[in-house]
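In: Sequence first, predicted model second:
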Amino acid sequence: MSAEEEYDCVVIGSGVQGSFTAYQLAKKNKKTLLLEQFILPHTRGSSHGQTRIIRKAYEQDFYTHMMEECYQLWAQLEREAGVKLCRQTGLLVMALEDSQAYQNVKNTLQRNQVPIVILTRENFNQHIPHVNLSDGDGALVDTTAGVLYADRALRAAQEQFQKLGGVIKDGQKVTDIKPGAVVTVSTSTDIYRAKSVVITAGAWANTLLAQTGLQLPLQVFILLLSHT
């Protein structure tokens, strides 16, 4: 192993959560290391692919409030990187009109004054051609919603992080974490010391947390999504 290197913070896991955490730390002039167990780029996590939905249409106010800042941060990264990361398309929300989930989304959007269009059987086809709204169904459009270009956004965050002096080391699986006033992080090839450690390892989180004596009630699910 090489000699120990010291940082203000080590971030473990370079998906979108880890890369943005590292990027924000670097913007605050923190000497930051971003570790990744796989060689970048890779498809072993949940941040790869062409697009992801971005929206304010949630059942809980907390998420809708949070998205206000998220939209601002994405726009800021677009300006800094000089790359288009988001495309506004609108998002159709459709369900049984009297269902609790649909009413929760509708009420949350209206309560937070998010621009929406309420659709009826009469005007539905004008907005969504070749599709009819069935009796009993409710529909609305979150006009602020769209898609994020996932791979492009992840790459932009990592590149801006490096421009700010951040260090990315991939192909380094973390094998040990020793907590303390200064945390020691060992990988398959090196040892690092830092004032703090952020773990953004997704499905591998509990494997890493076990080394610190912590265990979270995390459960991994396989989701099958269908987009039309």
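Out: On my side now, so go ahead.

In: Please work out how many residues are found near residue 165.
Out: 11 (other Cβ atoms under 10 Å). Any C-beta I mention is one placed from the backbone N, CA and C, and that applies to glycine too.

In: sec struct for it, please.
Out: Using DSSP: H, G, I helix; E, B strand; the rest coil, the structure places residue 165 in coil.

In: residues contacting residue 6?
Out: The neighbours of residue 6, taking Cβ atoms under 8 Å, 6 or more residues apart in numbering as the test, are 31, 182, 192, 193, 194.

In: mind running it again at 7 Å?
Out: Contacts for residue 6 were tallied using Cβ atoms under 7 Å, 6 or more residues apart in numbering; they are 193, 194.

In: my read is it is in a helix, agree?
Out: No - according to three-state DSSP, residue 6 belongs to no helix; its state is strand.

In: Poorly predicted segments of the protein, please.
Out: The chain contains residues with pLDDT under 70 at 1-3, 225-228.

In: Please compute how far the longest helix belonging to it lies from its chain's middle.
Out: Longest helix of the chain, by residue count under DSSP state H: helix 61-81. Relative to its chain's centre, helix 61-81 lies at 11 Å (Cα atoms, centre = their mean, to the nearest Å).

In: And the helices in the protein, which stretches?
Out: Assigned by DSSP H, the chain shows helices spanning 16-27, 61-81, 100-111, 124-127, 150-163, 205-209.

In: for the last one, which positions count as buried?
Out: In terms of neighbour count (16 or more other Cβ atoms under 10 Å), helix 205-209 has its buried residues at 205, 206, 208, 209.

In: Tabulate those residues in TSV, adding columns for distance to residue 57.
Out: Below are the buried residues of helix 205-209 laid out as TSV (distance: Cβ to Cβ, whole Å):
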residue	distance to residue 57
205	28
206	31
208	33
209	32
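
In: Next, give me the two most distant ones among these.
Out: 206 and 208 (7.3 Å; Cβ to Cβ).

In: picking that back up, quick one, which of the helices of the chain is packed in tightest?
Out: helix 16-27 (a mean of 22; mean count of other Cβ atoms under 10 Å).

In: Against which helices or strands is it packed?
Out: Judged by 3 or more Cβ pairs under 7 Å, 6 or more residues apart in numbering; DSSP states H and E, the packing partners of helix 16-27 are strand 5-12, strand 32-35, helix 150-163.

In: what lines up beside the first one in the sheet?
Out: Note on strand 5-12: by DSSP bridges, its sheet partners are strand 32-35 (parallel), strand 191-199 (parallel).

In: Quick check: most distant residue from the centroid of the chain.
Out: Here the chain reaches farthest from its C-alpha mean at residue 122, the gap being 37.2 Å by Cα atoms, centre = their mean.

In: if we can go back for a sec, tell me the most buried of the strands paired with strand 5-12?
Out: Among the strands paired with strand 5-12, strand 32-35 has the highest mean neighbour count (mean count of other Cβ under 10 Å), at a mean of 26.

In: quick one on the thing from earlier: now tabulate the strands paired with strand 5-12 in a markdown table and tack on distance to residue 12.
Out: Listed next are these as a markdown table, based on distance: least, Cβ to Cβ, whole Å:
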| stretch | distance to residue 12 |
| --- | --- |
| strand 32-35 | 5 |
| strand 191-199 | 5 |
